[in-house]
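Engineer: Sequence and predicted structure are below.
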Amino acid sequence: MDSPQTETDFVVIGAGIAGLRAAIELASAGRVLVVTKQELTESNTQYAQGGIAVALSDEDEVGLHLQDTINAGDGLVNAEAAKVLVEEGPERIQELIEWGTQFDREGTKLTFTREAAHSRSRILHAHGDSTGREIGRALAAKARTLSNIRFSEFEFSADLWKPHDRVEGVVLIRDGRGERRTIGSSAVLLASGGAGQVYSDTTNPPVATGDGIAMAYRAGAAVSDMEFFQFHPTALSIEGAPRFLLSEALRGEGALLRNSELKRFMPEYHQAAELAPRDVVARAIVHELEKSKTQPAVVYLDMRHLDAEHLRKRFPRIYQTCAQYNLDIAMDLIPVRPAAHYLMGGVKIDLEGRTNVPGLFAAGEAACTGVHGANRLASNSLLEGLVFGARAAHAMRKELREARDIRTHASEESGSNRETPFSELKKLMWSKAGVIRSGTGLTQARQKIEQWHFQNTLPSARREIEDLNLLTIAHLICRSALAREESRGAHYRTDFPRRDDRKFRKHSVIRNESISFE
């Protein structure tokens, strides 16, 4: 539903789990405009297969979930944020159930599964491997029952409106019409998702261009931990096919990794073999691909020894997607390779979702709470969006004031004359700032990006602004990765292969032109 208003109380950019949960919380305090640049259902949340982690089972405890989260983060988890996550998670999940979310059950009892680095079975799934889609459906249905929430689909958030020392609204572009309008508001929440499109191989949908982080950075917000981009080890690797995510839960069920000679190799890299941390598995696959004698190099996910009927019922979406490419997950070897999956860093926020810029809040993948540290624990991301989306909204309610009324104005949308070679940027980031990095490669990438990047005015077309946003994200990643002269979690440098707690057991923070470790 299009919204003709030019002012509102709250603007929420993004309609994934964080944005929708925040909108629901805000609705009782004032008018809420939820803006999404595609249809309401297109977000990273919709593609989340693995599940949502929460300490609700009889065998689990909140303290165990906290310890697992801290252990997975490789020394950089913000323990206070993690404590909030695991303690408030159960209540947020109970809300989802009350609002109609259909989690998988055995009879009337919730079904919990276990994934790598979890000490207990605490992962809830919905429809097997469509957890994010089901949560998104339930949240959207709940939001539509609240008269104070309005949705604007196919409208691009071009920039934040900051006429003075605080964010007072957002500048929007109507997709395909070139019409700009500025919406005044008491507060703006960035729940715009991730930035996986900065890499050539990614599990993220095309909308994941880092818009929220780039807008916040332009407005003077601090960003943190941008070097920590998690690469999922197993994405479908078929020429011409998207890098569709093959959930870690497959390996949890017993799937094995084999190289081009069909040798199982993960026991050589880690004692947990296929259930080793994601960064270890991703680097192992890259190494196997590099030393492969076959061309093109290939690594396989092997599920042929598992019960076929169970696989098809447990992973219906994965089964159907692979079938489109004439692959049966129960009968065939499935070619896989790593792909950019989740950004642990983002706009630096406090426990209430506040940034350092008044009036600006963030939640979900666009934000950095520090809860994931250097290497996110599997299935914690949906929970983070849920918990911190609600917390940010609670804090935003205190910002309520008379919204500014700004007139809509039209501008001619320029054509898509992209001066930045979009595909070239993605390939550059994959080769120089991907799974395995070096100072030399990162420097080369940064220099090339700086040749493309800086301009005095914001472009007028959505696609050109997305390119600028991706260049901003790429630059932030390279700056952070160059400054962190160690290897930790998802950040691995061949020239600094060891962890250095003395210097770098801190979070990287970029403010304007300066970078520090705090």
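Structural biologist: Sure, I can see it.
Engineer: can you list the weak-confidence ranges in the stretch 401-518 of the chain?
Structural biologist: Scanning the stretch 401-518 of the chain for pLDDT under 70 picks out the ranges 402-421, 454-456.
Engineer: again, 80 this time
Structural biologist: In the predicted model of the stretch 401-518 of the chain, residues 401-422, 453-460 satisfy pLDDT under 80.
Engineer: Contacts made by stretch 98-109 with the rest, please.
Structural biologist: 96-97, 110-111, 124-128, 131, 134-135, 138-139, 141-142 (CB atoms under 8 Å, 6 or more residues apart in numbering). All C-beta atoms are positioned from the backbone trio N, CA, C, and that covers glycine.
Engineer: Please indicate which of those are buried?
Structural biologist: The neighbour count (16 or more other CB atoms under 10 Å) marks 96, 124-126, 128, 131, 134-135, 138-139, 142 as buried among those.
Engineer: Dump those into CSV; add secondary structure, pLDDT and distance to Cys478 as well.
Structural biologist: CSV is the format used below for the buried ones among the contacts of stretch 98-109 (DSSP: H, G, I helix; E, B strand; the rest coil; pLDDT from 0 to 100; distance: CB to CB, whole Å):
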residue, secondary structure, pLDDT, distance to Cys478
Leu96, helix, 96, 38
Leu124, strand, 93, 37
His125, coil, 89, 36
Ala126, coil, 88, 37
Gly128, coil, 74, 38
Thr131, helix, 86, 33
Glu134, helix, 92, 37
Ile135, helix, 93, 34
Ala138, helix, 95, 39
Leu139, helix, 96, 35
Lys142, helix, 96, 40
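Engineer: what's the most distant pair in those?
Structural biologist: Greatest spacing in these, by CB to CB: Gly128 and Lys142 (22.9 Å).
Engineer: quick revisit: and which of the buried ones among the contacts of stretch 98-109 is nearest to Glu464?
Structural biologist: Nearest to Glu464 among these, counting by CB to CB, is Leu139 at 31.8 Å.
Engineer: quick one: buried residues of stretch 378-395?
Structural biologist: 378-393, 395.
Engineer: How about stretch 206-215?
Structural biologist: 207-215.
Engineer: can you list the weak-confidence ranges in the stretch 201-350 of the chain?
Structural biologist: In the predicted model of the stretch 201-350 of the chain, residues 293-295 satisfy pLDDT under 80.
Engineer: show me where it has strands.
Structural biologist: For the stretch 201-350 of the chain, the strands defined by DSSP state E, counting those that start in this stretch occupy 223-224, 229-236, 256-258, 299-302, 334-343, 346-348.
Engineer: Go through the ones you listed and pick out the most buried.
Structural biologist: Ranked by mean neighbour count, the strands of the stretch 201-350 of the chain are led by strand 346-348 with a mean of 28 (mean count of other CB atoms under 10 Å).
Engineer: Which strands and helices lie in contact with that strand?
Structural biologist: Using 3 or more CB pairs under 8 Å, 6 or more residues apart in numbering; DSSP states H and E, the elements in contact with strand 346-348 are helix 211-218, strand 223-224, strand 367-368.
Engineer: Show me what the helix or strand that the last one is followed by is packed against.
Structural biologist: Downstream of strand 367-368, the next assigned helix or strand under DSSP states H and E is helix 381-396. Under the contact criterion of 3+ CB pairs under 8 Å, 6+ apart, helix 381-396 touches helix 17-26, strand 52-53, helix 79-98, helix 131-144, strand 187-190, strand 360-362.
Engineer: which stretch among the strands of the stretch 201-350 of the chain comes nearest Ile173?
Structural biologist: Here strand 346-348 is closest among the strands of the stretch 201-350 of the chain (CB to CB), at 21.2 Å.
Engineer: Return the list of strands paired to the closest one, each annotated with direction.
Structural biologist: According to DSSP bridges, strand 346-348 has the following sheet partners: strand 223-224 (antiparallel), strand 367-368 (parallel).
Engineer: Please name whichever of the ones you listed is nearest to Gly184.
Structural biologist: strand 367-368 (23.1 Å).
Engineer: Residues contacting the closest one, please?
Structural biologist: With contact meaning CB under 8 Å, 6+ apart, strand 367-368 is reached by 18, 190, 223-225, 344-349, 353, 388, 507.
Engineer: ok but Leu66 is inside a helix, no?
Structural biologist: Yes: under DSSP: H, G, I helix; E, B strand; the rest coil, Leu66 falls within a helix.
Engineer: Look up the closest residue to it, ignoring the ones flanking it.
Structural biologist: Val86 (4.8 Å; CB to CB, 6 or more residues apart in numbering).
Engineer: swap in Gly439?
Structural biologist: Nearest to Gly439 is Asp495, by CB to CB, 6+ apart, at 5.0 Å.
Engineer: same thing with Thr494?
Structural biologist: Among residues not flanking Thr494 along the chain, Ser438 sits closest, at 4.8 Å (CB to CB, 6+ apart).
Engineer: what about that neighbour, how many neighbours?
Structural biologist: Neighbour count for Ser438, taken as other CB atoms under 10 Å: 16.
Engineer: That one reaches His491, doesn't it?
Structural biologist: No: Ser438 is not in contact with His491 according to CB atoms under 8 Å; the separation is 11.9 Å.
Engineer: which stretches of the stretch 51-200 of the chain have low pLDDT?
Structural biologist: 115-117, 128-130, 175-179.
Engineer: give me that answer again for 70
Structural biologist: Looking at the stretch 51-200 of the chain by pLDDT under 70, you get 129, 175-178.
Engineer: Which residues are in contact with Thr443?
Structural biologist: Counting by CB under 8 Å, 6+ apart, Thr443 makes contact with Leu482.
Engineer: if we go to 6 Å?
Structural biologist: By CB atoms under 6 Å, 6 or more residues apart in numbering, the contact list for Thr443 is empty.
Engineer: So what does it have for phi and psi?
Structural biologist: Dihedral pair for Thr443: phi -60, psi -40, per degrees, to the nearest 10.
Engineer: what separates it from Gly359, distance-wise?
Structural biologist: 37 Å (CB to CB, to the nearest Å).
Engineer: mind listing the helices in the chain by residue range?
Structural biologist: Ranges of helices within the chain are 17-26, 62-72, 79-98, 131-144, 211-218, 248-252, 278-291, 308-314, 316-323, 381-396, 422-432, 439-453, 462-483, 501-504, based on DSSP state H.
Engineer: CA atoms of the longest one as CSV?
Structural biologist: As requested, C-alpha coordinates have been extracted for helix 462-483 and formatted as CSV (Å, rounded to 0.1, in the frame of the first residue of the first chain):
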residue,chain,number,x,y,z
ARG,A,462,18.5,4.2,-7.5
ARG,A,463,21.0,1.9,-9.3
GLU,A,464,23.7,4.5,-9.2
ILE,A,465,23.1,5.2,-5.5
GLU,A,466,23.3,1.4,-4.9
ASP,A,467,26.6,1.4,-6.7
LEU,A,468,27.9,4.2,-4.5
ASN,A,469,26.7,2.4,-1.4
LEU,A,470,28.5,-0.8,-2.4
LEU,A,471,31.7,1.2,-3.0
THR,A,472,31.3,2.7,0.4
ILE,A,473,30.8,-0.7,2.0
ALA,A,474,33.8,-2.1,0.1
HIS,A,475,36.0,0.8,1.2
LEU,A,476,35.0,0.3,4.8
ILE,A,477,35.7,-3.4,4.7
CYS,A,478,39.1,-2.9,3.2
ARG,A,479,40.1,-0.2,5.7
SER,A,480,39.0,-2.3,8.6
ALA,A,481,40.7,-5.4,7.3
LEU,A,482,44.0,-3.6,6.6
ALA,A,483,44.0,-2.2,10.1
